[in-house]
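J.: From the sequence below, what's the structure:
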Amino acid sequence: LYGDQWPIHTKSEERPAAKVGSQAKVVNSMLSNGCIVRGMVTNSILSPGVYVSPGAVVKDSVVMNDTWIGPGALLDKVVIDKQVVIGAGAVVGTGDESVANEQMPDKLFAGISVIGKNAYIPDR
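T.: Predicted coordinates for the structure are as follows:
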């Protein structure tokens with residue numbers, strides 16, 4: 001995340017400092033102001049205001065502003081735009097990495113899932 005060839009710069013928003021709950025685990029990740037993590041975040045970047053519920057797992061992902069990740073949700077290799085709601089127990093991005101996206105195989109072919117702005121993924 002701090003590589004010289006592809007640095008990540010962010011403009012800090014006026015929000016409280018990030019908070020990591022007593023049962024949460026954060027490994028090799030960047031948390032922005034206003035984030036609250038109560039689940040597990042690994043190798044990921046969380047933008048301002050992201051909430052990760054207890055039991056949720058976020059791996060190898062980028063999550064943009066004000067996204068809510070519900071209890072028990074599992075996100076693996078996902079890029080999520082702003083103001084998205086991921087329902088409790090939802091599973092995104094855990095399929096076969098070698099399968100290209102059907103609608104945009106020339107752009108999405110490396111096992112990465114993309115969720116657009118204001119999307120709602122229902123509870124499972």
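J.: contacts and neighbour counts: CA atoms only from here.
T.: OK.
J.: Could you tell me which strands sit next to the lowest-mean-pLDDT helix or strand in the chain in the sheet, and their orientation?
T.: Every helix and strand in the chain was compared by mean pLDDT, DSSP states H and E; the lowest is strand 113-115, with a mean of 91. Using DSSP bridges, strand 113-115 pairs in its sheet with strand 78-80 (parallel).
J.: who touches the strand it pairs with?
T.: 60-64, 92-93, 112-117 (C-alpha atoms under 8 Å, 6 or more residues apart in numbering).
J.: mind running it again at 6 Å?
T.: With contacts defined as C-alpha atoms under 6 Å, 6 or more residues apart in numbering, strand 78-80 is touched by 61-64, 112-115.
J.: Name the residue closest to the centre of the protein, please.
T.: Geometric centre of the chain, nearest residue: V63, 3.5 Å, by C-alpha atoms, centre = their mean.
J.: D81 contacts G116, correct?
T.: Yes: using C-alpha atoms under 6 Å, D81 is in contact with G116, at 5.2 Å.
J.: what about the two, which has more around it?
T.: Taking neighbours as other C-alpha atoms under 10 Å, D81 and G116 compare with D81 leading, 19 against 12.
J.: about what we covered before: and the residue nearest to the centre of the chain, what does it touch?
T.: Contacts of V63 (C-alpha under 6 Å, 6+ apart): 46, 79-80.
J.: Adding neighbour count, write these out as CSV.
T.: Below are the contacts of V63 laid out as CSV (neighbours: other C-alpha atoms under 10 Å):
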residue, neighbour count
L46, 28
V79, 19
I80, 24
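J.: So which of the residues you listed is the closest to M104?
T.: V79 (15.3 Å; C-alpha to C-alpha).
J.: Quick check: buried residues in stretch 76-86?
T.: 76-86 (16 or more other C-alpha atoms under 10 Å).
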